[in-house]
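Chemist: Pasting the sequence and the predicted model now:
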Amino acid sequence: MKWQKLNMKIEKPDLYDIHEQLTRLKEEGKKIVGVIAHSIVPDEIIHAADCIPLHFCLGGTEEQMVLGQTYLSQTTCGFQRVNLGIFEGREEISYQIYELMDFVIAGTFCNGVQNTGMYLDNYFDKEQYQFIIPHGSKPNSFEFFHGEIIKLKKYLEKKTNIKISNRKLIESIQLYNELRTVYQEIDKYRQGENPKISLGEIQKLIHHLNLNGPDLNLKKVMEFLDAVKRSELPPKKGVRIFLTGNGILIEDNFVQIVEDSGCIIVGDDLWTGFEFYSSPVNVDFSNPLDALADRYLNRNLSGRMIPDSYRTEKMLEIYKKRNIKGIINNYLKFCDSFSNSADYFKQKMKKKNIPVLNLERDYSQNSIGQIRTRLEAFLEML
Ligand code: SF4
């Protein structure tokens, strides 16, 4: 199988196709549940309620960011400004997709998410459910988070008139775990000495998952894995890099810019990449809700957790195993979850002789030249 043919299978999601599929599913009676992404809301519960989890991951342009300022201040991260900018613009296919959402799960991941939920509810007729998320994973935080998951389950049952039985939950957990296993198999093809793939390919698959839900995504990733196994792709060349920080939206070309500058991203912890499949839900728990609380609170890779030792340990483990030469820490301006800790993170890694490039950015076009220059300087130094 030729690379060209394989490449065709992993194009960016076609938004018109996504809109058509979601419209069909909605007509069949399924509810579309918006999730203001970051991989800390258990999608398994949404799926067990026979709904499609639709994660906010569209857009990523300067124009959308500026439109979002109708509601959010310029000192809110670009991601949330883009989300509201898409609603305010009302023209694009991205808006038509988001408009299919029956309601939205927002909450306290950060202030940006909280405010976006509020404006969607007040101005765009998208009822928000506030999912309250603790910042730590001590026993009392776990108890609290577990209680929030129970409340979310009850809310979904009320909205859908569907009882989320343990059996349904276990089936959804098994489906998502199966999906994670296939992603882990795919990930093996970017770890070795001669990687066949890089983050760019994996991210397109994750974007599909975030827009289409797990049932359609499973078929797609299995086909992709099969194609990678059978193909004789030329190994990718470049400096082996770990990418951390904020997830990347569909119209944001940041990963492409990094990979074009002479890097291969052989490891990452982004919610648009590795985080989803980094760890399965442990099926040994006697109750599926306990298992979900454990996975999403104790083993998420978000920079918002205090302390963030689980994330750092995982990062260092991957860094060593995959013979990585440096870390790029990409974060959006005004993203408190990553920007305030960027210097501390860099110093912490310096003590381990790991070079870090802190790249603060937004979606404006005029920052691209500066990003390229800083990437080149970093790679020369490596
Ligand atoms: S975590 Fe950062 S990027 Fe994500 S919504 Fe909050 S402020 Fe924005």
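Modeler: Noted; the coordinates are in hand.
Chemist: what ranges do the strands span in the stretch 51-200 of the chain?
Modeler: 52-55, 103-107, 128-131 (DSSP state E, counting those that start in this stretch).
Chemist: burial measure for residue 37, as a count.
Modeler: Using other Cβ atoms under 10 Å, residue 37 is surrounded by 21 other residues. C-beta: built from backbone N, CA, C; applies to glycine.
Chemist: For it, grab phi and psi.
Modeler: When read as degrees, to the nearest 10, the backbone of residue 37 gives phi -60, psi 170.
Chemist: so what's it up against?
Modeler: Contact partners of residue 37, counting by Cβ atoms under 8 Å, 6 or more residues apart in numbering, are 55, 56, 57, 210, 247, 271.
Chemist: if we go to 6 Å?
Modeler: Residue 37 makes contact with 55, 56, 57, 271, according to Cβ atoms under 6 Å, 6 or more residues apart in numbering.
Chemist: where do the helices sit along the stretch 101-250 of the chain?
Modeler: For the stretch 101-250 of the chain, applying DSSP state H, counting those that start in this stretch gives helices covering 111-123, 139-160, 166-187, 199-212, 214-230.
Chemist: and these, which is most packed in?
Modeler: Comparing those by mean neighbour count (mean count of other Cβ atoms under 10 Å), helix 199-212 ranks first with a mean of 23.
Chemist: just checking, what packs against that helix?
Modeler: Counting contacts by 3 or more Cβ pairs under 6 Å, 6 or more residues apart in numbering; DSSP states H and E, helix 199-212 packs against helix 214-230, helix 254-260.
Chemist: The shortest one - contacts with which helices or strands?
Modeler: Contact analysis of helix 254-260 by 3+ Cβ pairs under 6 Å, 6+ apart lists helix 199-212 as its packing neighbours.
Chemist: Then the longest one?
Modeler: On a contact count with 3+ Cβ pairs under 6 Å, 6+ apart, helix 214-230 meets helix 3-9, helix 166-187, helix 199-212.
Chemist: still on that earlier bit, could you provide the strands of the stretch 51-200 of the chain in JSON lines, with additional columns for distance to residue 251?
Modeler: Shown next, in JSON lines, are those (distance: least, Cβ to Cβ, whole Å):
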{"stretch": "strand 52-55", "distance to residue 251": "15"}
{"stretch": "strand 103-107", "distance to residue 251": "21"}
{"stretch": "strand 128-131", "distance to residue 251": "24"}
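Chemist: and of those strands, who's closest to the ligand?
Modeler: strand 103-107 (10.3 Å; Cβ to the nearest ligand atom).
Chemist: immediately after the lowest-mean-pLDDT helix or strand in the chain, which helix or strand?
Modeler: When the helices and strands of the chain are compared on mean pLDDT, DSSP states H and E, helix 3-9 comes out lowest with a mean of 47. Moving toward the C-terminus from helix 3-9, the next helix or strand (DSSP states H and E) is helix 15-27.
Chemist: returning to what we had before: tell me which of the helices and strands packed on helix 214-230 lies nearest to residue 143.
Modeler: Among the helices and strands packed on helix 214-230, helix 166-187 comes nearest to residue 143, with 19.4 Å by Cβ to Cβ.
Chemist: Quick check: residue 360 is in a helix.
Modeler: No - with DSSP: H, G, I helix; E, B strand; the rest coil as the criterion, residue 360 is strand rather than part of a helix.
Chemist: how near is it to residue 243?
Modeler: 14 Å (Cβ to Cβ, to the nearest Å).
Chemist: Compare the two (neighbour count), which wins?
Modeler: residue 243 (26 against 17).
Chemist: ok, the spatially most central residue of the chain - contacts?
Modeler: Centroid-nearest residue in the chain: residue 271, 2.6 Å away (criterion: Cα atoms, centre = their mean). Residue 271 makes contacts with 37, 38, 39, 247, as judged by Cβ under 6 Å, 6+ apart.
Chemist: do that again at 8 Å, thanks
Modeler: Counting by Cβ under 8 Å, 6+ apart, the residues that residue 271 touches are 37, 38, 39, 247, 301, 302.
Chemist: That one: what secondary structure?
Modeler: Going by three-state DSSP: residue 271 is coil.
Chemist: Could you report the pLDDT at the residue in the stretch 201-350 of the chain that the ligand sits nearest to?
Modeler: Across the stretch 201-350 of the chain, the shortest distance to the ligand (Cβ to the nearest ligand atom) belongs to residue 335, at 3.1 Å. On pLDDT, residue 335 comes in at 96.
Chemist: My guess is it contacts residue 247. True?
Modeler: No - taking contacts as Cβ atoms under 8 Å, residue 335 lies outside contact range of residue 247: 10.6 Å.
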